[in-house]
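> Just to be clear, the model below is a prediction. Sequence and coordinates:
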Amino acid sequence: MSLLSGVQLAIFSGASISGRILWGSLIKSGKVVDSFTLSAIGMAIVVFCMLLARSTAGVVLFAVAYGITSGICKLHSILYFLYRLI
């Protein structure tokens, strides 16, 4: 395991926490569908942009962007969204 993979995991986890906080603030404003749709679209774009990461800086930027969008798309957000529909 290289040093970059450990750093990338730490960056991913830290960005995921900020994504969850961002999602929570959007939920409080009552825009559940908008926040979930935007986060799913953002995650899809980030995953396709992963192919463009050719350097260390690109990998770190991918880890930050993927961490934020995956923090928004966690399972608890989906369950909360389904609970609001019922």
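Looks like it came in fine.

> Any idea which residue is closest to the centre of this structure?
T69 (1.7 Å; C-alpha atoms, centre = their mean).

> Any figure for the gap between that residue and L85?
22 Å (C-beta to C-beta, to the nearest Å). No exception for glycine: its C-beta is placed from N, CA and C like everyone else's.

> for the chain, which helix is longest?
Assignment by DSSP state H gives helix 3-28 as the longest helix of the chain.

> For it, name the packing helices and strands.
If you count contacts as 3 or more C-beta pairs under 8 Å, 6 or more residues apart in numbering; DSSP states H and E, helix 3-28 packs onto helix 32-49, helix 56-72, helix 75-85.

> what's the weakest-modelled helix or strand in this protein?
Lowest mean confidence among the helices and strands of the chain (mean pLDDT, DSSP states H and E): helix 75-85, at a mean of 63.

> Before we move on, what's the pLDDT of the closest residue to F12 other than its chain neighbours?
Distance criterion C-beta to C-beta, 6 or more residues apart in numbering; nearest residue to F12, sequence neighbours excluded, is G67 at 4.2 Å. pLDDT, G67: 84.

> count of neighbours near G67?
Counted with other C-beta atoms under 10 Å, residues neighbouring G67 total 23.

> What of G6?
Going by other C-beta under 10 Å, the residues that sit close to G6 add up to 10.

> That one and F48, how far apart?
To F48, G6 is 25 Å away according to C-beta to C-beta.
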